[in-house]
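In: After the sequence you'll find the predicted model.
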Amino acid sequence: MGLLQKTNKPAAIVNASLKPLRDIEEYPIPIYQFSILMGDDVVALFQSVAGLTVKREIEALTEGGKNEATHEFPGHVSFEHVTFEAGLTSSDFFWKWMMDGMYDGRAQKKDFDLIQRRPNPAYSGAKGEYIWEAIKTWNFFNAYPVSWKISDLVLDDSEKIAIETLELTFDYFKLGDNTFKPKPPAP
């Protein structure tokens, strides 16, 4: 049994308010690619994304004479910083973004889309490579870097690659439209 085996269609959902993933056969493929899209340009590909977290504060109210329960009311919603990791490349885009405004106490805020893709085994190229399809998109607003670093540069293992890490803060993010269609590569 390989990873690219076909799975059965999911059984009918009993609760009509729940919707199945799709009415197609799903391929459980563990390879994913994350990219940042600013405008129409893909500015980076990432192997790891951490911190996609939304939290809601809870305000508790105890009612006198009612000892068995506490009332909880929804409060402020907040977002944690998000951290991206990728193999270090010759691009200095994130370094320049981090250092922009260093002397005047400002940071350049940017909106961007984080796109999660996976290879689509139904569509492969002539040499067996996959065509990547977008499966999730998150839209971030007013983001700017708060931390940039690279892994230690040590010559003890020639198989390792240097990792670039970028941590961003932002006002908020939302789940985007998953109908993203990438531009075809230039010939």
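Out: Thanks, I have it.
In: I'd guessed Ser91 sits against Ala44; true?
Out: Yes. Using Cβ atoms under 8 Å, Ser91 is in contact with Ala44, at 7.2 Å. C-beta here means a position set from N, CA and C on the backbone, and glycine is covered the same way.
In: between these two, which one's more packed in?
Out: Ala44 (19 against 12; other Cβ atoms under 10 Å).
In: quick one, phi/psi of that one?
Out: Backbone geometry at Ala44, expressed as degrees, to the nearest 10, gives phi -170, psi 150.
In: Which of the helices or strands spans Phe34?
Out: Using DSSP states H and E, Phe34 maps to strand 33-38.
In: Paired strands for that strand, with orientation please.
Out: Looking at strand 33-38 with DSSP bridges, its partner strands are strand 41-46 (antiparallel), strand 110-124 (antiparallel).
In: So which residues make contact with the very next helix or strand once past the shortest one?
Out: So that's strand 41-46. Downstream of strand 41-46, the next assigned helix or strand under DSSP H and E is strand 48-50. For strand 48-50, the external contacting residues (Cβ atoms under 8 Å, 6 or more residues apart in numbering) are Phe34, Val82, Thr83, Phe84, Glu85, Ala86, Leu114.
In: Chain neighbours aside, what residue packs nearest to the last one?
Out: For Leu114, the nearest residue in space outside its immediate sequence neighbours is Trp138; the separation is 4.5 Å by Cβ to Cβ, 6 or more residues apart in numbering.
In: helix or strand for the one you found, which one?
Out: Using DSSP H and E, the element containing Trp138 is strand 130-150.
In: Tell me the buried residues in that strand?
Out: By neighbour count on 16 or more other Cβ atoms under 10 Å, the buried set for strand 130-150 is Tyr130, Trp132, Ala134, Thr137, Trp138, Phe140, Ala143, Tyr144, Pro145.
In: can I get those residues in JSON lines with pLDDT and distance to Phe170?
Out: Formatted as JSON lines, the buried residues of strand 130-150 follow (pLDDT from 0 to 100; distance: Cβ to Cβ, whole Å):
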{"residue": "Tyr130", "pLDDT": "63", "distance to Phe170": "31"}
{"residue": "Trp132", "pLDDT": "77", "distance to Phe170": "25"}
{"residue": "Ala134", "pLDDT": "83", "distance to Phe170": "21"}
{"residue": "Thr137", "pLDDT": "92", "distance to Phe170": "15"}
{"residue": "Trp138", "pLDDT": "94", "distance to Phe170": "10"}
{"residue": "Phe140", "pLDDT": "96", "distance to Phe170": "5"}
{"residue": "Ala143", "pLDDT": "96", "distance to Phe170": "4"}
{"residue": "Tyr144", "pLDDT": "95", "distance to Phe170": "8"}
{"residue": "Pro145", "pLDDT": "94", "distance to Phe170": "10"}
